[in-house]
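Peer 1: show me how the following folds:
(3 chains)
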Amino acid sequence: MSVYTRLAELGLELPPAPRPVAAYIPWVRTGNLIYTSGQVPLVDGKPLCVGVVPTEVPPDKAQAAARLCALNMLAVLHAATDEALDRVTKVVRLGVFVASSPGFTAHPAVGNGASELMVSVFGDEIGRHARSTVGCSSLPLGVPVEVEGVFEIR
Amino acid sequence: MSVYTRLAELGLELPPAPRPVAAYIPWVRTGNLIYTSGQVPLVDGKPLCVGVVPTEVPPDKAQAAARLCALNMLAVLHAATDEALDRVTKVVRLGVFVASSPGFTAHPAVGNGASELMVSVFGDEIGRHARSTVGCSSLPLGVPVEVEGVFEIR
Amino acid sequence: MSVYTRLAELGLELPPAPRPVAAYIPWVRTGNLIYTSGQVPLVDGKPLCVGVVPTEVPPDKAQAAARLCALNMLAVLHAATDEALDRVTKVVRLGVFVASSPGFTAHPAVGNGASELMVSVFGDEIGRHARSTVGCSSLPLGVPVEVEGVFEIR
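Peer 2: Numbering: from 1, shown residues only, chains lettered A, B, ... in the order given. Have a look, this model is predicted:
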């Protein structure tokens, strides 16, 4: 089944590819790998929410923000593959950064917002990936989560 | 000398490959690179210690935890190479994340727990690697250190 | 125009390649990729400044520190390319870690210190890169910023 069909079935629409907020670009290709810049949970150019988890942003909201980061990453990847997401042969790695207070321990649940979207969209074989999930003191624009990725394409 | 001989000489036994604590997998291969997911210092499924360095976990304990992360990573790599660690041709990069308080400065010493194990096991030529070591506000499960890696295999 | 000519026009001199502060090496090559270890803002072996942004180090000073990290990375890359920086065909990715207090939001401006140097030295086509910029609770030696990179070479 096409990635675009899955997106439609999930009721998801790709946003316009987010513009970088600084002097860099959204993705780079080297060989058959695409590196995507860290994506933040922007909707129409504005953060979905801001603050640290869990004191200012509850974990389930942060999980939704991670899912939005991943959706924005798909928009970048759509552009990177000349609008052919079916050229993605493997989601290689996600790096998930969670703005969190010192006592927070549930980073993996937050990261699942991004990971599960990848598996839903690409299926198990292509979508399952290596992942690191860590806690940050703060993130750009005050967002609670940022997600970067490495993808293999044909 | 075989990697498994070195492990035996160091008195180390590979644990069962840690299971991911969330919706991702322990490693992905792309081309001749293996990306391993962030490893935490679990023993028999439980954290070796929890807390922030140095206020809750002393640096030498965190160094031991980093070494344990690396041992768990070797277990993942053992699986990724079809139980043939001698197929590893280069430890390319380690990323070391240390849960630490704002005034902490000795992250490199903590990271050495992981780096030195790699060199002990693979030898200088294969084992020496690029590394980034940074301080995190918190980490999954409350552990003081998490280590991710990229490896070249044949 | 040669990278070395651009460096001269910018009034920049490559420092000696920084020595690692621990049990790892400054760079590793795998295939046509160079991974560089996390670089910190050292001048003559000493930190340009120490502390957390913005409470102890103002953002513009941190941006200058990020630029210095990038200059040190160029020195590493100069060594990695057998003193032939013109062999760099793409700056693939920078990872920028900013030691910052919980309320800080301007990490991208800090990271630009590194990103803009890459574009100045390598030009738009080669120099523009993917980037992740995140906030850390602390960094090695107390520095306010650390930068790691992946480069494609011929």
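
Peer 1: what about the helices in chain A?
Peer 2: Ranges of helices in chain A, per DSSP state H, are A:3-9, A:59-80, A:107-127.

Peer 1: do you know which of the ones you listed lies nearest chain B?
Peer 2: helix A:107-127 (3.7 Å; C-beta to the nearest C-beta). To be clear about C-beta, it is placed using only N, CA and C from the backbone, and glycine gets the same treatment.

Peer 1: now do the same contact list for the nearest residue to A:H129 once chain neighbours are set aside.
Peer 2: Excluding the flanking residues, the one nearest A:H129 by C-beta to C-beta, 6 or more residues apart in numbering or on different chains is A:V91, at 4.1 Å. When contacts are counted by C-beta atoms under 8 Å, 6 or more residues apart in numbering or on different chains, A:V91 is found next to A:M118, A:F122, A:I126, A:G127, A:R128, A:H129, A:G149, A:F151, B:V28.

Peer 1: 7 Å instead?
Peer 2: Counting by C-beta atoms under 7 Å, 6 or more residues apart in numbering or on different chains, A:V91 touches A:M118, A:F122, A:I126, A:G127, A:H129, A:G149, A:F151.

Peer 1: out of the helices of chain A, which is closest to A:Y24?
Peer 2: helix A:59-80 (12.2 Å; C-beta to C-beta).

Peer 1: export that closest one to PDB, keeping only CA atoms.
Peer 2: Output of helix A:59-80 as PDB, limited to C-alpha atoms (Å, rounded to 0.1, in the frame of the first residue of the first chain):
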ATOM      1  CA  PRO A  59       3.400  13.900  28.900                       C
ATOM      2  CA  ASP A  60       0.400  13.100  26.700                       C
ATOM      3  CA  LYS A  61       0.500  16.600  25.200                       C
ATOM      4  CA  ALA A  62       4.300  16.100  24.600                       C
ATOM      5  CA  GLN A  63       3.600  12.800  22.900                       C
ATOM      6  CA  ALA A  64       1.200  14.600  20.600                       C
ATOM      7  CA  ALA A  65       3.900  17.200  19.900                       C
ATOM      8  CA  ALA A  66       6.400  14.500  19.100                       C
ATOM      9  CA  ARG A  67       3.800  13.100  16.600                       C
ATOM     10  CA  LEU A  68       3.600  16.500  15.000                       C
ATOM     11  CA  CYS A  69       7.400  16.800  14.800                       C
ATOM     12  CA  ALA A  70       7.300  13.500  12.900                       C
ATOM     13  CA  LEU A  71       4.500  14.700  10.600                       C
ATOM     14  CA  ASN A  72       6.600  17.800   9.800                       C
ATOM     15  CA  MET A  73       9.500  15.500   9.200                       C
ATOM     16  CA  LEU A  74       7.400  13.500   6.700                       C
ATOM     17  CA  ALA A  75       6.700  16.800   4.900                       C
ATOM     18  CA  VAL A  76      10.400  17.500   4.600                       C
ATOM     19  CA  LEU A  77      11.000  13.900   3.400                       C
ATOM     20  CA  HIS A  78       8.200  14.400   0.800                       C
ATOM     21  CA  ALA A  79      10.200  17.300  -0.600                       C
ATOM     22  CA  ALA A  80      13.500  15.400  -0.300                       C
END
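
Peer 1: give me the below-cutoff pLDDT ranges for chain A.
Peer 2: A:20-22 (pLDDT under 70).

Peer 1: spell out which parts of it neighbour chain B.
Peer 2: With C-beta under 7 Å from any C-beta of the partner chain as the criterion, chain A meets chain B at residues A:33, A:90, A:92-93, A:100-105, A:107-109, A:111-112, A:115-116, A:119, A:128-137, A:152.
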